[in-house]
Each structure stands twice: as structure tokens, then as C-alpha cells.
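> just coords:
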């Protein structure tokens, strides 16, 4: 299973350059604005991270 890098976004737009992600890592964007509106596109790992760090 690849390791993950979480990128959080609130009040803006995130752009990721896939080529900048180290080999063996997966990038996941967590958009708090979409979550507040009712969407939840986070993975189980991202949800656990957010809950552990008090961010949703």
C-alpha cells in the first residue's frame, strides 16, 4: 500500500503537480469547503487523520 500525503484546502483551490510527489506516495486532497457542504470524498485514512487532528 502506498504512503499518502494529505493536502488540505479551505476557502480556495488546490492544484497538485503529480510529478512532484515522491515515488511510492499517493496524494489526496481534502477539501473542507466541500465537506461542509455535505460532500465527503475523503478516503478512510483521510477521515481518520481529520478526526485525530480535530479538523472534521
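On my side now, so go ahead. What you see is a predicted model, and the numbers here were worked out from it, not measured in a lab.

> In the chain, mark out all the strands, start to finish.
For the chain, the strands defined by DSSP state E cover 3-9, 25-31.

> Would you convert those strands into CSV that also reports mean pLDDT?
Shown next, in CSV, are the strands of the chain (pLDDT from 0 to 100):
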stretch, mean pLDDT
strand 3-9, 89
strand 25-31, 89
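
> now, of those strands, which is deepest in the fold?
strand 25-31 (a mean of 16; mean count of other CB atoms under 10 Å). All C-beta spots, glycine's among them, are computed from the backbone N, C-alpha and C.

> Mind listing the strands it pairs with, and their directions?
Strand 25-31 has the following sheet partners, assigned by DSSP bridges: strand 3-9 (parallel).

> what's the partner strand in contact with?
Contacts with strand 3-9, where a contact means CB atoms under 8 Å, 6 or more residues apart in numbering, come from 14, 16, 21, 24-33, 43, 45-46, 49, 55.

> between the strands of the chain, which gets nearest to residue 38?
Of all the strands of the chain, the one in closest proximity to residue 38, counting by CB to CB, is strand 25-31 (12.1 Å).
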